[in-house]
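K.L.:
Here is my input, please return the structure:
(one chain, ligands or ions: 1)
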Amino acid sequence: MKTYSTISLEIEDGIALLTLYRPDKLNALNAQMRAEIADAANAAERGARVLVLTGAGRAFCAGQDLSDAGNAASLDLERVLRDEYVPMLRAVSECRIPTIAAVNGAAAGAGANLALAADVVIAAHSAYFSQAFTRIGLMPDAGGTYWLPRQMGAAKAMGAALFAEKIPAEDAAAWGMIWQAVPDMEFDAHWRERAAHLAHGPTEAYRHLKSALRASWGNDEGAQLDLEAKLQGACGQTRDFKEGVVAFLDKRKPKFEGR
Ligand code: LHQ
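P.N.:
Next up, the predicted model:
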């Protein structure tokens, strides 16, 4: 397994666990970390059946490292976003296996939006999300203007972006921004159980449902029905579908192999 300097990646029992590992900086993103996250997400896609992103220490990720290269204000933001953030975000959002962001603490700026790039966000009750950007004179980036209105509606998205307040995990869940907020004591066991569930699921069906749900934003009903037919046709060719039906008829739990 490759070693990284700003993250760790462990793959076990079909679960790839990517831990952001700069705890003294609240896992703020520097250039090295962006490249390593992209690389690790690609490796996870090849070697696991689910990818989990989490943070070491008390935060998930505090967004752009504002002390990077001396001072983030001297960065060419457009270049950094295009060349470094986009590949990282797309490696997560377009990952062919299910992705979970296990948000253990603060998720601010690009750190919040990195979490939103995952398929499922599970947050500890003590965690929070902040579109911190306007506090430093920026607008949301790293996919925030794409995901926020889609996940929690235009009104909440606009408020979150303009006020840049901390949104507690439970509010984030109530507003539809994330999948679930769970008590701190249960958080670790909970996301591990969810990850194991997906790691033993019908991986091809997950892959197709992800692309269908994503495509729905740009499709009309007819196009979407057509896409569903095509992708369900592909699901129907898998061993997991056959196993699912046989297991149902045998009244037992299916044993999915992910193909
Ligand atoms: C940090 C950071 C950090 C460096 C905490 N950087 N050290 C994209 C393109 C390119 C450039 C521009 O930006 C973007 C997108 C973005 O992400 S912009 C938004 C960047 N992020 C932020 O503005 C959030 C900054 N951080 C905070 O507001 C706070 O740290 C939060 C609210 C996350 C947590 O507050 P506290 O729990 O009170 O912790 P703290 O502020 O004391 O931080 C602990 C340490 O972590 C501290 O270092 P120190 O040496 O004093 O212990 C901070 O300086 C460091 N840290 N965030 N983004």
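
K.L.:
where does the chain have low pLDDT?
P.N.:
69 (pLDDT under 70).

K.L.:
what does it put close to the ligand?
P.N.:
25-26, 28, 62-67, 72, 75, 77, 80-81, 106, 108-110, 132-133, 135-136, 138, 141-142 (C-beta under 6 Å from any ligand atom). Where you see a C-beta, it was placed from the backbone N, CA and C, and this is true even at glycine.

K.L.:
go again using 5 Å as the cut-off
P.N.:
For the chain, the contact set with the ligand under C-beta under 5 Å from any ligand atom comprises 25-26, 28, 62-67, 72, 77, 80, 106, 108-110, 132.

K.L.:
quick one: contacts for Glu78?
P.N.:
Contacts for Glu78 (C-beta atoms under 8 Å, 6 or more residues apart in numbering) come out as none.

K.L.:
Secondary structure element holding it?
P.N.:
Per DSSP states H and E: Glu78 is located in helix 77-80.

K.L.:
show me where the chain has helices.
P.N.:
Counting by DSSP state H, the chain has these helices, from start to end: 31-47, 77-80, 86-93, 110-116, 144-152, 154-163, 169-174, 184-199, 203-216, 221-236, 239-249.

K.L.:
Find the nearest non-adjacent residue to the closest residue to the ligand within the stretch 101-250 of the chain, please.
P.N.:
Nearest residue of the stretch 101-250 of the chain to the ligand, counting by C-beta to the nearest ligand atom: Gly109, 2.5 Å away. Distances taken as C-beta to C-beta, 6 or more residues apart in numbering place Gly63 nearest to Gly109, at 2.6 Å, with adjacent residues excluded.

K.L.:
are any of the residues of the chain next to the ligand buried, and which?
P.N.:
Taking 16 or more other C-beta atoms under 10 Å as the criterion, what is buried in these is 25-26, 28, 62-65, 72, 80, 106, 108-110, 132.

K.L.:
CSV please, covering these and showing distance to Arg150.
P.N.:
Shown next, in CSV, are those (distance: C-beta to C-beta, whole Å):
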residue, distance to Arg150
Lys25, 30
Leu26, 27
Ala28, 26
Ala62, 24
Gly63, 20
Gln64, 23
Asp65, 27
Ala72, 28
Val80, 24
Ala106, 23
Ala108, 20
Gly109, 19
Ala110, 18
Ala132, 20
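
K.L.:
Now the two most distant members of the residues you listed.
P.N.:
Greatest spacing in these, by C-beta to C-beta: Val80 and Ala106 (21.5 Å).

K.L.:
contacting residues around Trp191?
P.N.:
Contacts of Trp191 by C-beta under 8 Å, 6+ apart are Val52, Thr54, Ile100, Ala102, Ile122, Val182.

K.L.:
out of the residues you listed, which are inside strands?
P.N.:
Val52, Thr54, Ile100, Ala102, Ile122, Val182 (DSSP state E).

K.L.:
Excluding residues flanking it in the chain, which one is nearest Ser93?
P.N.:
The shortest distance from Ser93 to any residue other than its chain neighbours is 4.3 Å, reached at Ala117 (C-beta to C-beta, 6+ apart).

K.L.:
and that neighbour, how many neighbours does it have?
P.N.:
Using other C-beta atoms under 10 Å, Ala117 is surrounded by 23 other residues.
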